[in-house]
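Q: 3D, please:
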Amino acid sequence: MACFYFYYSAMNAGKTTSLLQTDHNYKEKGMDTLLFTHAMDTRYGPGIITSRIGLRKQAITFDSDFDFFCYVKGARSVACVLVDEAQFLTRVQVDQLSDVVDFLNIPVLSYGLRTDFQGNDFDGSRRLLAIADVLIELKTICHCGRKAIMNMRMDENGRRVREGNQIEIGGNEKYVSVCRKHFKT
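A: Numbering: from 1, shown residues only. Presented below is the predicted three-dimensional model:
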């Protein structure tokens, strides 16, 4: 029986590495997967999922109008669906992915952030936390050694940014994972 998974964490916890390892495991057993990533993340090229340790794979891009259920239903012999940047999913898309699990009997593994740089939730993450069958927190650490659960946005001078658009694509040059205490200071 297929399940709907949400792997979540602060940045730098290995979400993308885990997704790419899972894809590799399916491929190694001769099974086909579908990989998805949001169209706005073009840091490494359109539709390229890249981990910080250098693993990379081509993926199908989605935007807010993409219909996951229709796409997966039309695909042949899919053993697993893997979604990177799941925080950018819409509520409707999360429900479509749950239909993939419930009506097509295909497991869906989604990976994303729980909160943004201001400590607010993303629509996709909120819905995933509400309806996913399995919630798995991937852990990383703050510079103090405590568990990091928050994402701080930094400017080009290394100063914290407290206001701005919820979505601003970036990696280590723009975000730092911190514990709640250091997020408050």
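Q: helices or strands next to the helix or strand of the chain at the bottom of the mean pLDDT ranking in the packing?
A: Across the helices and strands of the chain, mean confidence by mean pLDDT, DSSP states H and E is lowest for strand 160-161: a mean of 80. Contact partners of strand 160-161 among helices and strands, from 3 or more Cβ pairs under 8 Å, 6 or more residues apart in numbering; DSSP states H and E: strand 150-154. C-beta coordinates here come from the backbone N, C-alpha and C atoms, glycine included.
Q: distance between the strand it packs on and the chain's centre?
A: Averaging C-alpha positions (Cα atoms, centre = their mean, to the nearest Å) puts strand 150-154 16 Å from its chain's average.
Q: Let me know the average pLDDT across that strand.
A: The predicted model assigns strand 150-154 a mean pLDDT of 91.
Q: Please name every helix or strand in contact with that strand.
A: Judged by 3+ Cβ pairs under 8 Å, 6+ apart, the packing partners of strand 150-154 are strand 160-161, strand 175-178, helix 180-184.
Q: Below-threshold pLDDT in this structure: ranges please.
A: Low-confidence segments of the chain (pLDDT under 70): 169-172.
Q: can you give me the helices for it?
A: Counting by DSSP state H, the chain has helices at residues 15-28, 68-74, 91-104, 123-131, 180-184.
Q: distance of residue 75 from residue 32?
A: Separation of residue 75 from residue 32 (Cβ to Cβ, to the nearest Å): 8 Å.
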